[in-house]
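using only what follows, build the 3D model:
(2 chains)
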Amino acid sequence: MSAYDAIEGGKSAARPETSGWLARAIHRNGAGYLFLAPWLIGFFCLTLGPALVSLYLSFTDFDLLTSPEFVGAQNYVRMVTADAKFAAAIRVTLVYVALSVPLKLAFALAIAMVLNRGMRALPAYRAIFYLPSLLGTSVAIAVLWRQLFAADGFVNSLLATVGIEGPSWISNPNYSLYTLVVLSVWQFGSPMIIFLAGLRQIPADMYEAASLDGASSRRQFLRITLPLLSPVIFFNVVIQTIEAFKAFTPAFIISGGSGGPINSTLFYTLYLYQEAFSYFRMGYASALAWVLVIIIAIFTAFSFLTTKYWVHYDD
Amino acid sequence: MTSTRIDRRRLLGTGLAVAGLPLLGARRALAQEGGNIRMMWWGGDERARRTNSAIDRFTAAHPEVSVEAESMGWDDYWARLATQVAGGNAPDFIQMDYRYMFEYARRGAIRPLDEFLGEELKISDFGDVNLDSCSVDGKLYGGNVGVNSFSVIFDSAAWQEAGVEAPSFGTTWDGFAEKCAAFTEGNVSSRVHATADGSVQEGLFEVWLRTRGKALYAPDGTLGYDAEDAGAWFAYWAEMRKAGSCVPADVQALYKNSPETAPLVSGRSVTDFAYSNQFASYQLLVPKELSVVGAPVLDGGEPGQYLKPSQMFSISSTSDEPEIAARMINFLIREPEGAKLLGLDRGVPASPEIREAIIPDLDETGRKVVELISNLSPQIGALPPAPPQGAGEINAVQIRIAQEVAFEAVSPEDGGARLVDEAAAILERA
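As a prediction, this is how the structure comes out:
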C-alpha cells in the first residue's frame, strides 16, 4: 500500500467534486507533494532560481561590488573571438576528458572482471578498491598527489632506485596534466562497482556454451561480455564524461589555483573560478558556466545518438 | 522614556551586563559603546595567534564589545570578502591590501576614516606620506598596520662556505649575477643553486624597473614599461638559468606565492626574494640562520625600493558600529598594548613611538627586519602610483610568461613583447 493510499484512501470518495485541475491535483496527490516538498523547495530555491539568475548575469558585466550592467551577448562573443585563455582551458579540458575517461573505464572494467572470478572476501576487495573514489575529490588527496609527484617525491624516489632521475612531474608543463589523468584513473571505484554489478547479470551458461563451442576467452569477451555489458558501459561513459568536464579540486590544489605551469592544468572549471573569484568578473564567469552546460549537453546528446550502433538492450 | 527606542539588536549585543542594569538612562550611554564587531583577515597560523590574543586584550578592556574573528588564506579571503560585500553582510573590520583598497574605496564598499581622526583614531604621527599611501582621492580609507619593502633573503653561512661574499646593501644587478656565478663555481651540490628564479616575482621586477627609471604603472594607469624593458628582465634571468646560478624552471614552478613553497625553504637555493614582513615566516621554516638585505641596485640608477603599506585595517561602509571598529583599529596599530601583540607580522609599525615601544621585545629575527627598513633609506624612492584595475591579473600573466621563458617555450625578447601586449589588453578591458 502506497503512502498516498494510506493517507488519502477512503476519504477522497466522500469529498465533493472540486473544479480546476490544480485543485484536483492537490487533492489527489497532496500528500505526495508534501513528501516531495523538501526536495521541491530545494530545487526551485537553491538550484533552478540561482541557475536562472546566472543565465541573466551571463549577459551582464558584474563585479560583485556594483550592480550588474547589461551588455548583451558581449561575454559570449569575447569568449570565442578574443580569449586565448578560454581556448587554452578548452584544450586542456578536452585532453583531460579524452584521456582520463577511456583509461579509467578500461581500468575499472579490468578490475571488475578480476573481482568477478568469484574470489574469497570479495566484499573486502570491493571496499578497498572503492576507497580511492571516496577520497579522490578531496583536498587531502590532491595534496598527497603533489607530494608523490614532486621533484623529491615518492615517484622519483622509486625511479631513482633503478637509476632514472625523474623530472618534477607536477611543475613541468609537459607532464603536469598527465599526473592529473593518473589521479583520475586511480579513482576507478564507482564505475568498477557498476561494471561488477553488470557482469554478474550475464548468465554463466552463455560462457559455458561458448567454451564448449571452442571460443577463446578473447572471443568470449568481445562477443559476450562487451555486448551484454554495453548498457552499463554507456551509463559509465556518460557519467564519467560529465564528471571529467566538471573536475576542479585536483587542478586547483596541485597548481595552487593558477592552472600552471603555463596554463598546462587550466581546467575549464578552474578558469571559470579564476574569472569569478580572482578577477571578479561574475558576468563573464556566468557565461563560461553556461557554455560548459552546453558543451556537456552536446557530448551527452551525442553519446545518446550513438547508442543504437553499439548498445544492446535485452528487451 | 517612550522616546528612547530600545534597539533589540543592541540590547542583545551588549548582553547581560546591560540587562542587569537598574537604570535605563545608564543603559543608553553604555549601549552606544557596546556592540558586536565582525573581523576578517588573511594570513597563516602565527598571524591568527597574534591577532586573536590582541583581540582578547581589547575585549578584556572593553567588556561591552564582542568580536567575531575569522581568518583564511589570501585567495579565499578575496573571494569571500567580495561575496559578503555583494550579499550585504560585509564584516565590520576588514584587513585591506594596497592593491584592493582602490577598488573597494571607489566602489563605496569601505568608508572614509577622516571623521575618526584625532578622536577614535590617533594616527597623525604616522606622517603625511604614510597617510597619503592609505588614501584614495584625498580621503583616508585605512589605518596602516605596518610598512614593508621588497628584500633579498639568504643563508649567509652557505655563501661563506662557497667562499663568496653574500649579497649586501648596494650590490648591483651585475654584481649579483657575478656573485651567483662565483657561488656556482665554489658549490659542491648540483641540487643547490645560488638563488631562486626572480623572474616570476612582481616585487623584484618592480624594483628593477624603478632602478631603470621606469615603473610597473604610470600615474594615468597605463603600463610603465615597454617590451624592451620586459625582454631585458627575462633575458637577465635566462642568463642566470643558463649559468646554473638560479634554480631550473621546474623547481621554480613549484613556488606558489607562499614561503612554504619557496626554493630557499625546500633547500634548492640559498637565496630567495620576498617582502620583508615575510622574513620571519621564512626563518621559521629554515633551520639555518637567515639574513635579509635590500634588492640589487643599478649603478647610477634611481632608488628602486619604496616603503609599501603592507596592509591596512579598514571599516565596511555598511558597518553599524564604525566607532567601535575605529577604536579597535587604534588599539591594534597605535596603542603599545595591542601593537606589541601584533609585532612585526604585518610589517614594521608606521608610528615612531610604537616602533620604539616594540623594539625591546623583539627577537633576533624581528630586529633584522627593523634594521633592514632603516638601512634601506638610501634606496627608498617615492611611492609608486596606485595600481590600476586589472593589476592582479597582469601579475598572473607575468608569472605565466616568465615560466614560458624559463621552460624555453619563447625567447626572452618575445616574452617581453607578449607581456606588454597582454597587459595592455587587460588594462583596456578593466
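
now do the residue nearest the centre of chain B, the pLDDT please.
Centroid-nearest residue in chain B: residue B:310, 3.4 Å away (criterion: Cα atoms, centre = their mean). pLDDT for residue B:310: 83.

is the helix or strand hosting residue A:181 positioned near chain B?
Here residue A:181, judged by DSSP states H and E, is contained in helix A:176-186. No. Residues of helix A:176-186 are not located near chain B by Cβ under 8 Å from any Cβ of the partner chain, the shortest gap being 8.6 Å. (C-beta placed from N, C-alpha, C; glycine too.)

what parts of chain A come near chain B?
Contact residues, chain A versus chain B (Cβ under 8 Å from any Cβ): A:63-66, A:150-152, A:167-168, A:170-173, A:255-258, A:260-263, A:276-280.

circling back: who does the helix holding residue A:181 touch, helix- and strand-wise?
The contact analysis (3 or more Cβ pairs under 8 Å, 6 or more residues apart in numbering or on different chains; DSSP states H and E) places helix A:176-186 against helix A:84-115, helix A:139-148, helix A:249-254.

pull out the buried positions in the helix or strand just after that helix.
Per DSSP H and E, the first helix or strand lying C-terminal to helix A:176-186 is helix A:189-201. Within helix A:189-201, the residues scored as buried using 16 or more other Cβ atoms under 10 Å in any protein chain shown are A:189, A:190, A:191, A:192, A:193, A:194, A:195, A:196, A:198, A:199.

would you mind giving me the confidence score for the closest residue to the fifth one other than its chain neighbours?
With Cβ to Cβ, 6 or more residues apart in numbering or on different chains as the measure, residue A:130 is the residue that lies nearest to residue A:193, at 6.2 Å, once sequence neighbours are left out. In the prediction, the pLDDT value recorded for residue A:130 is 82.

which residues touch residue A:130?
A:189, A:190, A:192, A:193 (Cβ atoms under 8 Å, 6 or more residues apart in numbering or on different chains).

that's a strand at it, yeah?
No. Read with DSSP: H, G, I helix; E, B strand; the rest coil, residue A:130 is helix and lies in no strand.

kindly report the residues of chain B close to chain A.
Within reach of chain A by Cβ under 8 Å from any Cβ, chain B has these residues: B:75, B:78-79, B:82-83, B:85-86, B:103-104, B:107, B:109, B:249-251, B:253-254, B:256-257, B:261, B:266, B:390, B:392-393, B:396, B:399-400, B:403-404, B:407, B:409.

which ChimeraX command selects the buried ones in these?
Command for ChimeraX, covering only those of the residues of chain B next to chain A found buried under the criterion 16+ other Cβ under 10 Å:
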select /B:75,78,79,82,83,85,86,103,104,109,249,250,251,253,254,256,257,266,390,392,393,396,399,400,403,404,407
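
can you count the residues close to the closest residue to chain B within the stretch 101-250 of chain A?
In the stretch 101-250 of chain A, the residue that lies nearest chain B is residue A:171 (3.6 Å; Cβ to the nearest Cβ). A count of nearby residues for residue A:171, using other Cβ atoms under 10 Å in any protein chain shown, gives 29.

per-residue pLDDT, residue B:241?
Note on residue B:241: pLDDT of 94.

and the average pLDDT for stretch B:289-299 is what?
For stretch B:289-299, mean pLDDT is 93.

residues of it that come out buried?
For stretch B:289-299, by 16+ other Cβ under 10 Å, it's B:290, B:291, B:292, B:293, B:294, B:295, B:296, B:297, B:298.

how far out from the middle of the chain is it?
Offset of stretch B:289-299 from its chain centre (Cα atoms, centre = their mean, to the nearest Å): 18 Å.

give me the contact list for that stretch.
Residues outside stretch B:289-299 that contact it (Cβ under 8 Å, 6+ apart) are B:149-157, B:166-176, B:204, B:207-208, B:211-212, B:273, B:276, B:279, B:282-283, B:303-305, B:368-369, B:372, B:375-376, B:379.

take the residues you listed and keep only those in strands.
Among the contacts of stretch B:289-299, the subset assigned to strands under DSSP state E consists of B:150, B:151, B:152, B:153, B:154, B:155, B:273.

number of nearby residues for residue 54?
All of this is about chain A. The local packing of residue A:54 (other Cβ under 10 Å) involves 17 other residues.

correction: the question concerned chain B.
Residue B:54 has 22 neighbouring residues, counting by other Cβ under 10 Å.

buried ones in whatever helix or strand it lives in, by neighbour count?
Taking DSSP H and E as the criterion, residue B:54 maps to helix B:45-61. Buried residues in helix B:45-61, counted by 16+ other Cβ under 10 Å: B:47, B:48, B:50, B:51, B:54, B:55, B:57, B:58.

quick check, nearest of the residues you listed to residue B:314?
Residue B:314 has its nearest neighbour among these in residue B:51, at 15.2 Å by Cβ to Cβ.

list the contacts for residue B:317?
Neighbours of residue B:317 in contact, by Cβ under 8 Å, 6+ apart: B:90, B:108, B:109, B:110, B:111.

can I get the buried ones among those residues as something I can paste into ChimeraX?
To isolate the buried ones among the contacts of residue B:317 in ChimeraX, judged by 16+ other Cβ under 10 Å, type:
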select /B:90,109,110,111
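
of the contacts of residue B:317, which is the nearest to residue A:76?
Checking these one by one against residue A:76 (Cβ to Cβ), the nearest turns out to be residue B:109, at 28.9 Å.

which ones are touching that closest one?
Residue B:109 sits in contact with A:65, B:85, B:90, B:316, B:317, where contact means Cβ under 8 Å, 6+ apart.

leaving out sequence neighbours, find the closest residue to it.
Leaving out its chain neighbours, the residue that sits closest to residue B:109 by Cβ to Cβ, 6+ apart is residue B:85, at 5.0 Å.

assumed the one you found was part of a strand.
No. Read with three-state DSSP, residue B:85 is helix and lies in no strand.

show the backbone phi and psi for residue 311.
As the question left the chain open, I've gone with chain A. In terms of degrees, to the nearest 10, the main-chain angles of residue A:311 are phi -100, psi 130.

wrong one, chain B
As for residue B:311, its main-chain torsions (degrees, to the nearest 10) stand at phi -150, psi 160.

can you pull up the bridge partners for it?
Counting by DSSP bridges, residue B:311 is bridged to residue B:146.

how much space between it and residue B:144?
Here residue B:311 is placed at a distance of 8 Å from residue B:144 (Cβ to Cβ, to the nearest Å).

for chain A, what are the low-confidence residue spans?
Filtered on pLDDT under 70, chain A yields the residue ranges A:1-19, A:136-137, A:314-315.

okay, now the domains of it?
Chain A resolves into domains spanning A:3-57, A:75-310 when parsed by automatic domain parsing.

one step back: and the helix holding residue B:54, how far from the chain's centre?
Per Cα atoms, centre = their mean, the centroid offset for helix B:45-61 relative to its chain is 20 Å.
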